[in-house]
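Chemist: coordinates only, sequence not included:
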């Protein structure tokens, strides 16, 4: 189980397209991946779940993963956040 | 839990038998005061000057009696106890029956930034509604990954790993005339310790589903208002799992398995998924069986009882015929 703090850097926040990028990335790994915001934890392999978090610009999330490839999946998803989901 | 302020209470979108009919009449600048306890207080003792154990953190409710007593205090010029109440940081004062307190009371409230709220409801009705509303606001919450549907009036929470076919099963149920509460992230609340209510985490994303290959679809638009519901009590938990040939699945259904969610025990089913098994029909039958059980009819148990009765009568008859005639 590893955890990492991520911050949303793209102005639009997590809308449908970033959510689908996260889900695609998470689904290509075996580990269980979760995102936490304000005490609410959702499965990062579910698009609707991620959108429902209502994560807007500058909000902080905790990314956590549990499984054989947990380090890789956390790296990959954290990179998406850092690259602003290839937006802007 | 996020802070719950008096303004949040006024902003709650409650309908019909939940409506609180609240209106702020003074002390607006104090609307950001936080409500920290899911309880109310009638400030009779405090008005009488007795402040030991005064539950100042609760919403204070003034009914006809309290309001009349306030008038009496003002008439006598005895305002010391009233000032004392405002020294405690009460979240807000609610006046029922549409009563308006004395002008001096309102002035004191403005000075101390204490919100004064008025409701048109009677004290008894308002109190029971407020307790119910606060109970659900302060209820323990948990978000689970699953789909909540109502099947023949029974709230069915479908769980399982991502990609096992939860949304597809729910879609088929909706197509067959059942209702969707929400997909993917279901917010569960434990109400009065024995009921688990499920609803969408927010209104914007509720009633949408994600179907692989199609994308996000709006169930309310596609299937109409009859296919959706805002919230529903969870009555069965269904786990969809990949068919495991080595696992023993329940073949009789005579032992009810229960599962604990937030301290409440709910009937749970583990249903193996494999091609050729129509999961939505299985869930329909599961819901009907659950309804029958609630009516006191347990098909698996009754079947077993019938078999036992039959075996007994058969063995009795055999014994009778094998008996040597004695007469």
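Modeler: Sure, I can see it. Just so it is clear, the model here is predicted, and its values are computed rather than measured.
Chemist: pLDDT weak spots in the chain?
Modeler: No chain in the question, so chain A it is. A:88 (pLDDT under 70).
Chemist: ah, no, chain B please
Modeler: Low-confidence segments of chain B (pLDDT under 70): B:1, B:319-327.
Chemist: Within range of chain A, give me the residues from it.
Modeler: For chain B, the residues in contact with chain A (CB under 8 Å from any CB of the partner chain) are B:1-2, B:143, B:145, B:162-163, B:183-185, B:200-202, B:204-205, B:208-210, B:216. For every residue, glycine as well, the C-beta is placed using N, CA and C.
Chemist: Just the buried ones from those, in PyMOL syntax?
Modeler: Of those, the buried ones can be selected in PyMOL as follows, counting by 16 or more other CB atoms under 10 Å in any protein chain shown:
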select buried, chain B and resi 143+145+162+183+184+185+200+201+205+208+209+210+216
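Chemist: What about the residues of chain B next to chain A, which are in strands?
Modeler: In this view, the residues of chain B next to chain A that belong to strands under DSSP state E are B:143, B:145, B:185, B:200, B:208, B:209, B:210, B:216.
Chemist: which two in those are spaced the farthest apart?
Modeler: For these, the maximum inter-member distance is 19.0 Å, found between B:143 and B:216 (CB to CB).
Chemist: From the contact counts, what lies against the strand or helix carrying residue B:290?
Modeler: In this assignment (DSSP states H and E), residue B:290 forms part of helix B:279-294. Contact analysis of helix B:279-294 by 3 or more CB pairs under 8 Å, 6 or more residues apart in numbering or on different chains; DSSP states H and E lists strand B:140-151, strand B:154-159, helix B:166-175, strand B:236-242, strand B:264-273 as its packing neighbours.
Chemist: let's go with 6 Å and repeat that
Modeler: Under the contact criterion of 3 or more CB pairs under 6 Å, 6 or more residues apart in numbering or on different chains; DSSP states H and E, helix B:279-294 touches strand B:140-151, helix B:166-175.
Chemist: And the next helix or strand past it?
Modeler: Assigned by DSSP H and E, the successor of helix B:279-294 is helix B:299-322.
Chemist: Tell me which strands whichever strand or helix holds residue B:61 pairs with, and in which orientation.
Modeler: In this assignment (DSSP H and E), residue B:61 forms part of strand B:59-62. Partners of strand B:59-62 in the sheet, by DSSP bridges, are strand B:40-41 (parallel), strand B:93-95 (parallel).
Chemist: Looking at those, which one is packed in the most?
Modeler: Greatest average neighbour count among the strands paired with strand B:59-62 goes to strand B:93-95 (a mean of 25), per mean count of other CB atoms under 10 Å in any protein chain shown.
Chemist: Quick one: residues in contact with that one.
Modeler: Applying CB atoms under 6 Å, 6 or more residues apart in numbering or on different chains, the set of residues contacting strand B:93-95 from outside is B:60, B:61, B:62, B:116, B:117, B:118.
Chemist: what's the burial count for the residue in chain A positioned nearest to chain B?
Modeler: Distance from chain B to each residue of chain A (CB to the nearest CB) is smallest for residue A:48, at 3.5 Å. Neighbourhood size, residue A:48 [other CB atoms under 10 Å in any protein chain shown]: 25.
Chemist: contacting residues for it?
Modeler: Applying CB under 6 Å, 6+ apart, the residues near residue A:48 are B:183, B:184, B:210.
Chemist: Could you do residue B:281 as well?
Modeler: Residue B:281 neighbours (CB under 6 Å, 6+ apart): none.
Chemist: what about residue A:10, which helix or strand?
Modeler: Using DSSP H and E, residue A:10 sits within no helix or strand.
Chemist: And the residue in the stretch 101-250 of chain B that chain A sits nearest to, its phi and psi?
Modeler: Proximity of the stretch 101-250 of chain B to chain A (CB to the nearest CB) peaks at residue B:184, 3.5 Å away. Phi and psi for residue B:184, reported as degrees, to the nearest 10, are phi 80, psi -70.
Chemist: right, and it touches residue A:50 too?
Modeler: No - if you go by CB atoms under 6 Å, residue B:184 and residue A:50 don't touch, sitting 8.8 Å apart.
Chemist: if we can go back for a sec, of all the helices and strands packed on helix B:279-294, which one comes closest to residue B:299?
Modeler: Per CB to CB, nearest to residue B:299 of the helices and strands packed on helix B:279-294: strand B:140-151, 17.1 Å.
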